[in-house]
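In: Give me a model of this one.
(one chain, ligands or ions: 2)
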Amino acid sequence: MNNHSETESSIHCDADKIPGWNKELELAFSAYKGPYTPGRIASRHKTVCEVLVSGAVVQAGISGALLKIGKQPVVGDFVVLLDQPELGSRMVVNILPRRTCLSRGAAGDGGGEQVIAANLDTIFIVTSYGKDLNLRRLERYLAIVYSSGASPVILLNKIDLEDNPTRLVEKVRSIAGNVPVIPLSALSKTGLEELSPYLNQGETVALIGSSGVGKSTLINAFLGKTVQKTGDIRKDDEKGRHTTTVRQLFLLPNGAVLIDNPGIREIQLGDSAEGLEKAFSEIVDAARNCKFKDCTHRDEPGCAVLKAVENGIIPEERLASYHRLTGELIFQSKKAEIGLKRLEKEKCKKIALDIKKYKKSTGKL
Ligand SMILES: Nc1nc2c(ncn2[C@@H]2O[C@H](COP(=O)(O)OP(=O)(O)OP(=O)(O)O)[C@@H](O)[C@H]2O)c(=O)[nH]1
Ligand SMILES: [Zn+2]
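Out: Residues are numbered from 1 along each chain as shown. Ligands and ions are numbered 1, 2, ... in the order given. Have a look, this model is predicted:
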């Protein structure tokens, strides 16, 4: 395939610099001499990527050698491109070190983690008034975002549909700790200015949240035009139709970067132990006074967490949520372990077969 032609794309790159490029990346890239150029992944398809380079969006393939060692470029990645115009080829040959990365537990029985996007400064967890507002789901998102290394901000979209937004904002704040909770309406463009502190030049913000909460509408509002199709909500169950299909990076006129994520219906915790501790910091704090170091806060004597629940300091639902998510985490890591063991077994089998083949070919069998 000739992937060297510059593509027409909905992604705009007026800046003659790669957004988010910094000194650390410069240093990492300085190891590459010759026909190599830096770029940033704007969208990833199965075998091709759209890549922001200085002042343009280009298409590039992914080097087989890179995939072979398990490196998968994702949206937001800063990459090294090998340009060979004489061969009509442009390839992503390496991924520069990731500052932060948003992952989720991989689907299927192999366990492990799947990186969704990289090099994010802030993650907007978008939820909306109505049935989507689910504190337990927000707690899960918070744990995932904390473990990514990016800072979470909760957006409560569709305030135009709510008579008493303050009550709901307070409800969300009760589980959010120090995380900002911002009520807004993407459709009527109210409250959007509250987001400007997170959208400075060179900063990268990703949006996550269920399908239909208004992520695409929000991106369109920021860009001042329709770049992402939005879906109508089915009246009966308020579940959004899945309208966004590709995870994509958008450049705002001021040089900030927004990354949309298609509605993630079921997001698993992956390897978010640290994130979980941050999302439930009041439980972790209370647990320091438990009698036993390995207290599970279920029925042990001298459990300071259970006492805090009894005294109404920690809501019972918070502890139940913590238990449920901790259980999931243990399940995920077991799954990953089983997956690894299976992989090892397969590897051993292959080595044994190779030895057999070798012996056969040399007449030793
Ligand atoms: N009333 C109201 N409706 C909104 C608002 N924001 C978005 N919507 C509507 O909600 C529906 C879903 O919005 P989208 O922007 O497509 O949602 P999404 O989160 O991008 O969904 P996916 O692409 O499936 O992940 C559309 O019909 C929007 O017009 C808002 O602030 N108020
Ligand atoms: Zn305890």
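
In: where do the strands sit along the protein?
Out: Under the criterion DSSP state E, the chain contains strands at 36-44, 48-53, 56-62, 78-84, 89-95, 101-105, 113-118, 122-128, 151-157, 181-183, 204-208, 248-251, 257-260.

In: Output those as TSV; include the columns mean pLDDT, mean neighbour count and distance to ligand 1.
Out: C-beta here means a position set from N, CA and C on the backbone, and glycine is covered the same way. TSV is the format used below for these (pLDDT from 0 to 100; neighbours: other C-beta atoms under 10 Å; distance: least, C-beta to the nearest ligand atom, whole Å):
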stretch	mean pLDDT	mean neighbour count	distance to ligand 1
strand 36-44	93	23	14
strand 48-53	93	24	19
strand 56-62	92	20	21
strand 78-84	92	20	26
strand 89-95	95	20	26
strand 101-105	82	22	15
strand 113-118	85	21	13
strand 122-128	95	25	7
strand 151-157	97	23	5
strand 181-183	97	19	10
strand 204-208	94	25	8
strand 248-251	89	22	11
strand 257-260	92	24	7
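
In: Output those strands in a markdown table, with distance to residue 306 appended to each entry.
Out: Below are these laid out as a markdown table (distance: least, C-beta to C-beta, whole Å):
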| stretch | distance to residue 306 |
| --- | --- |
| strand 36-44 | 46 |
| strand 48-53 | 51 |
| strand 56-62 | 51 |
| strand 78-84 | 47 |
| strand 89-95 | 46 |
| strand 101-105 | 29 |
| strand 113-118 | 32 |
| strand 122-128 | 29 |
| strand 151-157 | 28 |
| strand 181-183 | 28 |
| strand 204-208 | 33 |
| strand 248-251 | 46 |
| strand 257-260 | 41 |
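
In: Make JSON lines from those and add distance to ligand 2 to it.
Out: Converted to JSON lines, the strands of the chain look like this (distance: least, C-beta to the ion, whole Å):
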{"stretch": "strand 36-44", "distance to ligand 2": "43"}
{"stretch": "strand 48-53", "distance to ligand 2": "48"}
{"stretch": "strand 56-62", "distance to ligand 2": "48"}
{"stretch": "strand 78-84", "distance to ligand 2": "43"}
{"stretch": "strand 89-95", "distance to ligand 2": "42"}
{"stretch": "strand 101-105", "distance to ligand 2": "26"}
{"stretch": "strand 113-118", "distance to ligand 2": "29"}
{"stretch": "strand 122-128", "distance to ligand 2": "28"}
{"stretch": "strand 151-157", "distance to ligand 2": "26"}
{"stretch": "strand 181-183", "distance to ligand 2": "29"}
{"stretch": "strand 204-208", "distance to ligand 2": "31"}
{"stretch": "strand 248-251", "distance to ligand 2": "44"}
{"stretch": "strand 257-260", "distance to ligand 2": "39"}
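
In: can you tell which of those is closest to residue 19?
Out: The closest of those to residue 19 is strand 257-260. By C-beta to C-beta, the value is 4.9 Å.

In: That closest one pairs with which strands, and in what direction?
Out: strand 204-208 (parallel), strand 248-251 (antiparallel) (DSSP bridges).

In: Can you find the helix or strand of the protein with the lowest average pLDDT?
Out: When each helix and strand of the chain is scored by mean pLDDT, DSSP states H and E, helix 316-361 comes last, with a mean of 77.

In: Now the residue nearest to the spatial centre of the chain. Nearest residue, chain neighbours left out?
Out: Relative to the mean C-alpha position of the chain, the nearest C-alpha, by C-alpha atoms, centre = their mean, is the one of residue 102, at 3.2 Å. Of all residues not flanking residue 102 in the chain, residue 148 sits nearest, at 4.3 Å (C-beta to C-beta, 6 or more residues apart in numbering).

In: one step back: switch the strands paired with strand 257-260 over to a markdown table; also include distance to residue 280.
Out: Converted to a markdown table, the strands paired with strand 257-260 look like this (distance: least, C-beta to C-beta, whole Å):
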| stretch | distance to residue 280 |
| --- | --- |
| strand 204-208 | 19 |
| strand 248-251 | 32 |
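
In: Walk me through the domains of the protein.
Out: Domain assignment for the chain by automatic domain parsing gives 23-95, 101-260, 273-336.

In: how about the last one against ligand 2, any contact?
Out: Yes - counting by C-beta under 5 Å from the ion, contacts between domain 273-336 and ligand 2 involve 290, 295, 297, 303, 305.

In: which residues touch the nearest residue to the third one once chain neighbours are set aside?
Out: Sequence neighbours aside, residue 305 is the residue nearest to residue 297 in space, at 4.0 Å (criterion: C-beta to C-beta, 6+ apart). The neighbours of residue 305, taking C-beta atoms under 8 Å, 6 or more residues apart in numbering as the test, are 283, 286, 287, 290, 295, 297, 314, 319.
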